[in-house]
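In: Here's my sequence, what's the structure:
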Amino acid sequence: MAGLSLYFEDGHDDMDDFGFDDYGSDCDGIRITAFLDAGQDNLTPLGRLEKYAFSENVFNRQIVARGLLDVLREFSDNENDFVTVMETVARMSEDGEPTVRAELMEQVPNIAMFLHENRPNFPAAFSRYLVPIVVRYLTDPNNQVRKTSQAALLVLLEQGLISKADMENKVCPVLLDLTDPSSDDDYKIEAVAIMCKLVTMLSRDTVEHLLLLRFCELCSDVRLFQVRKVCAANFGEFCSIVGQDATEKLLMPKFFDLCSDSLWGIRKACAECFMIVSNSTSPEVRRTKLSPLFISLISDQSRWVRQAAFQSLGRFISTFANPSSTALYFREDGISRETVRCPSDRCDRPACSASPGSSFDLGECQTEPPSHTPSGSECSSKSAPELCKKSYEESVRGCKVTGTSISEALEQDCPTTTQAGDREPQLVEDTYSSFHYWRSPLPDISQDLELLQIEEAAAREVPILDSQGPATSSQIQKVLDCLQPHLDDPDVQAQVQVLSAALKAAQLESHNEEADQDEVLSESSEIPVLEPQTSPPSAPLSIQPDPVEDQPVLATKPLDSPQSAPESFQLKDPEAGNEETPALIKTEQEGQDSSLNKLCEEEKSKVQNVIPQQLLDQYLSMTDPARAQTVDTEIAKHCAFSLPGVALTLGRQNWHCLKDTYETLATDVQWKVRRTLAFSIHELAVILGDQLTAADLVPIFNGFLKDLDEVRIGVLKHLYDFLKLLHADKRREYLYQLQEFMVTDNSRNWRFRYELAEQLILIIELYSHYDVYDYLRQIALTLCSDKVSEVRWISYKLVVEILQKLYASGDHELGLNFINQLIVKFCHCPKWVGRQAFAFICQAVVEEDCMPMDQFAQHLLPSLLSLSSDPVANVRVLVAKALRQSILEKAYFKEPGSAHSDELEETVLSLQADKDRDVRFFASLNPSRNLADTAALI
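Out: All right, here's what the predicted structure looks like:
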């Protein structure tokens with residue numbers, strides 16, 4: 001016990017010696033700089049600072065370090081004292097106790113901000129005294145001190161307090177030393193992390209000259225997987241800083257290595273930053289290199305990698321967006337959008353298709369670029385889409401596969417891409433031509449002559465698929481054999497998948513046909529003669545071209561005549577002895593034809609030429625229930641979240657590719673998926689246009705209106721945005737359904753009604769004053785009687801907007817009827833809340849000029865003045881505020897000959913003499929001093 005008593009006595013002596021004797025244990029806080037006060041030692045404040053800064057007691061030194069900011073405030077006026085304090089800080093930074101160094105480093109950002117605001121020579125003082133401390137602590141042996149210095153460095157960079165010279169000459173060299181291959185492992189891992197965080201705050205030149213090469217080396221660190229993982233997680237930031245050239249030359253090889261790393265955590269980090277990396281590359285690299293790489297991540301053996309890849313799939317697809325067709329521009333400072341207006345008779349039809357990298361006919365779509373867009377950028381053929389002038393079926397029949405390879409046929413018969421710089425941008429009136437609009441331009445095959453000569457021998461071996469009838473299994477097999485050497489191309493892989501499915505179907509149908517023929521032969525002795533057909537096919541298998549990547553997709557022509565039997569057989573029955581057998585065989589053949597045609601048509605419905613087909617196929621598969629079991633239970637939600645971005649990338653001409661997927665998501669059993677779609681349906685409506693919206697989105701929108709409240713709130717929050725995109729007749733149908741929003745699953749969900757009132761304020765402009773009076777008026781009056789004050793507050797504004805709509809239309813009779821309803825419902829309300837609301841409505845009507853002042857003075861002012869003697873003070877407060885701040889400021893009531901001036905002045909004088917203090921205050925308040933907010937009184 002004696003030892004314990006001595007311990008407390010020593011502690012008390014330390015506190016007295018430190019200057020804390022005036023503070024008790026129940027004190028809320030202590031003044032840290034109390035040690036500067038004069039004491040028994042007769043030392044100056046600086047002397048006392050020196051004494052306790054280097055005291056043998058660690059607690060004393062910690063307190064001094066913690067109070068350095070207050071110390072600087074004490075001595076900031078005197079230059080010599082300030083220099084002395086800063087030198088003391090520099091000496092304290094060499095303290096051997098880690099806790100003292102950590103306390104000191106925690107105060108560095110605060111000290112830097114103080115110096116920046118109060119010292120004219122801040123840069124020199126900060127660079128001389130504080131920056132060396134921060135840099136030295138980055139290599140401190142104590143982990144806590146290092147972490148504190150790293151956090152302080154980030155704060156200083158965010159505030160812009162460290163100069164570029166200090167970063168290049170003091171901070172970056174230390175980081176390079178710490179990330180050297182010979183550096184300690186712990187230091188290296190921490191240095192890589194801090195370097196990746198710093199890169200977003202540094203200039204592009206600093207990153208390229210000092211950190212880029214070292215970052216590339218760290219991405220290949222074979223000894224420490226933690227280093228590679230940090231690099232993979234921050235790879236996108238480096239790409240966005242250094243730009244496209246450095247990304248493709250230096251960083252892309254490292255990114256490929258990281259995506260194939262043996263650790264799944266590193267591959268997962270690559271999948272998460274894939275979109276940012278894609279934004280920093282050219283469209284060609286994005287399509288030819290990054291797309292196959294992303295497909296490999298989607299099919300990764302690790303479930304966590306596949307999950308991250310599918311979550312990033314929609315965002316990666318959005319990077320293929322063509323600015324000229326989607327109004328989406330990627331810049332270093334983010335994403336900006338411009339307005340694209342396409343005539344509904346041109347751009348809404350399926351014939352209007354866009355593909356990145358092809359020429360753009362300004363006569364088809366008019367684009368309004370933003371102010372920051374360089375002039376002529378909308379005409380650049382490098383980033384503008386080509387608008388196909390024929391429908392999909394016509395363009396399919398226009399391309400034929402003749403004695404050369406499929407890719408050559410695409411290049412020969414399909415429109416070629418105009419290279420950037422081949423011709424100058426043209427004006428709108430000069431580029432439009434009816435010939436170009438109704439006919440596909442002639443191809444330019446001059447660049448392909450050499451390629452045709454080289455592959456002439458191999459071209460003869462490619463079989464010709466006949467679309468007159470279904471392709472036989474042998475023909476399909478020959479095409480597959482020709483495509484085997486090109487399986488590295490992802491587009492060829494997609495084509496092989498389609499052909500493989502067709503081959504299986506052909507083999508199955510051939511087997512069924514043989515069985516049917518054997519059965520027919522056993523039952524009938526009169527068998528028609530089958531001999532090879534000698535007539536040439538009328539049309540070979542059609543190909544949909546891809547101007548960018550030459551992506552062939554097979555599609556067959558619908559069969560219209562009995563001549564569409566297989567070319568190997570032709571029915572002959574000279575004697576016509578048995579008519580049932582040929583009819584039976586003909587029926588079986590037609591069934592086979594329709595089956596194969598249905599398969600091809602289904603594949604063709606998902607064909608587009610904006611993004612690699614494999615990416616779209618993987619995205620569409622996200623609605624497969626099997627994906628939820630093998631990848632992620634919320635994969636459908638991620639699909640729904642990114643669907644507007646994918647739709648914007650593909651364009652409205654390719655909406656057929658996403659329509660079935662969207663309908664599947666809209667009926668998903670998880671309400672979170674439907675909720676996600678409900679919150680974005682208005683954005684999708686903007687992308688698709690009014691025609692597709694009315695046909696495909698309105699039914700789904702109607703379904704959301706009857707869904708759970710969690711889904712309905714998504715529709716309600718953007719109700720105005722969606723309704724304004726519909727035609728007037730279609731929009732008017734929803735007037736009958738607005739009343740349904742008043743009913744919720746939970747009556748306590750007042751925010752739902754609050755959102756309804758906000759949307760009704762916006763919706764008023766979409767309807768005529770008759771519709772507003774007949775439908776919206778009653779909803780507004782009901783909301784004004786809500787139990788929640790916030791709902792009533794916003795509903796009063798809704799009432800004012802309705803009144804303004806009625807008077808703005810010139811129908812004073814409806815306006816007067818509405819005013820009479822307001823007087824009966826609010827002014828004569830037995831509850832003081834209703835009477836208070838009437839005073840607020842009158843003030844808002846005057847402030848918003850909702851009606852002529854003579855009409856206001858005749859119909860509303862007498863009722864308002866009658867409330868000046870209301871028994872409830874809260875009502876009189878709003879009456880005084882309305883009179884003093886709004887009504888008396890109107891010129892109509894200020895005129896000398898005004899009939900109401902005397903009555904108003906008398907009422908104001910009575911309110912100024914009111915027994916309630918708040919009423920007297922607002923009645924006497926100068927109108928220019930609108931300091932009080934009475935919203936809480938409502």
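
In: buried stuff in the strand or helix carrying Met113?
Out: Taking DSSP states H and E as the criterion, Met113 maps to helix 98-118. Using 16 or more other CB atoms under 10 Å as the test for burial, helix 98-118 gives 99-109, 111-115. The way it works is simple: take the backbone N, C-alpha and C, and place the C-beta from them, glycine included.

In: So of these, which two are at opposite extremes in space?
Out: Maximum pairwise distance among the buried residues of helix 98-118 (CB to CB): 24.5 Å, between Thr99 and Leu115.

In: so which of the buried residues of helix 98-118 comes closest to Glu56?
Out: Nearest to Glu56, judged by CB to CB, of the buried residues of helix 98-118 is Val100 at 12.3 Å.

In: Run a quick check on the closest one versus Val58, I expect a contact.
Out: Yes: counting by CB atoms under 8 Å, Val58 is a contact partner of Val100 at 6.8 Å.

In: how far away is the nearest residue to Ser795 once chain neighbours are set aside from Pro871?
Out: Take Ser795 and drop its neighbours on the chain: the residue closest to it by CB to CB, 6 or more residues apart in numbering is Leu783, 3.8 Å away. With distances taken as CB to CB, to the nearest Å, Leu783 is found 27 Å from Pro871.

In: So for those two, which residue has more residues nearby?
Out: Leu783 (22 against 8; other CB atoms under 10 Å).

In: how far away is the more buried one from Glu50?
Out: In terms of CB to CB, Leu783 sits 70 Å off from Glu50.

In: cool, Ser299 as well?
Out: Ser299 sits 68 Å away from Glu50, going by CB to CB.

In: How is the chain partitioned into domains?
Out: Structurally, the chain divides into domains by the TED database as follows: 28-162, 200-319.

In: for the last one, what is the average pLDDT?
Out: If I follow you right, that is domain 200-319. Across domain 200-319, pLDDT averages out at 91.

In: And the helix or strand hosting Val155, what's buried?
Out: Using DSSP H and E, Val155 maps to helix 143-158. For helix 143-158, burial by neighbour count (16+ other CB under 10 Å) applies to Val145, Arg146, Lys147, Thr148, Ser149, Gln150, Ala152, Leu153, Leu156, Leu157.

In: wouldn't Leu803 be in contact with Phe818 here?
Out: Yes: counting by CB under 8 Å, Leu803 does reach Phe818; the two are 6.0 Å apart.

In: higher neighbour count, these two?
Out: Ranked by neighbour count (other CB under 10 Å), Leu803 and Phe818 place Leu803 first, with 24 against 21.

In: How about the more buried one: what's its closest non-neighbour residue?
Out: Cys850 (5.0 Å).

In: Leu69 - how many residues pack around it?
Out: 15.

In: With Asp180 instead?
Out: Number of residues near Asp180 (other CB under 10 Å) recorded here: 14.

In: Helix or strand: which one has it?
Out: Applying DSSP H and E, one finds Asp180 in no helix or strand.

In: Helix or strand: which one has Lys881?
Out: helix 873-885.

In: For that helix, list every residue counted as buried.
Out: Neighbour counts over helix 873-885 (16+ other CB under 10 Å) mark Asn874, Val875, Arg876, Val877, Leu878, Val879, Ala880, Lys881, Ala882, Leu883, Arg884, Gln885 as buried.

In: Can I get these in CSV including distance to Val791 and pLDDT?
Out: Below are these laid out as CSV (distance: CB to CB, whole Å; pLDDT from 0 to 100):
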residue, distance to Val791, pLDDT
Asn874, 18, 93
Val875, 20, 94
Arg876, 24, 94
Val877, 21, 94
Leu878, 18, 94
Val879, 23, 94
Ala880, 25, 93
Lys881, 22, 92
Ala882, 22, 92
Leu883, 27, 92
Arg884, 28, 90
Gln885, 25, 89
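
In: Next up, the contacts around the residue nearest to Ser795.
Out: Going by CB atoms under 8 Å, 6 or more residues apart in numbering, Leu783 touches Arg753, Leu756, Ala757, Val791, Arg792, Ile794, Ser795, Leu798.

In: farthest-separated two in those?
Out: Spanning the widest gap among these are Leu756 and Arg792, at 13.0 Å by CB to CB.

In: Compare the two (neighbour count), which wins?
Out: Leu756 (25 against 22).

In: if I look at the more buried one, how far off is Asn702?
Out: Taken as CB to CB, the span from Leu756 to Asn702 is 17 Å.

In: Next: Phe752.
Out: From Phe752 to Asn702 the distance is 19 Å (CB to CB).

In: These two: who's more crowded?
Out: Each of Phe752 and Asn702 has its neighbours counted (other CB under 10 Å); Phe752 has more, 20 against 13.

In: which stretches of the stretch 401-550 of the chain aren't confidently modelled?
Out: Within the stretch 401-550 of the chain, the ranges that satisfy pLDDT under 70 run 401-472, 485-486, 488-494, 498, 501-502, 505-506, 508-550.

In: still on that earlier bit, just the domains of the chain: most buried one?
Out: Stretch with highest mean neighbour count among these: domain 200-319 (a mean of 19; mean count of other CB atoms under 10 Å).

In: Could you pull up the residues touching Ser278?
Out: Contact analysis of Ser278 by CB under 8 Å, 6+ apart lists Arg286, Leu290, Phe316, Thr319.
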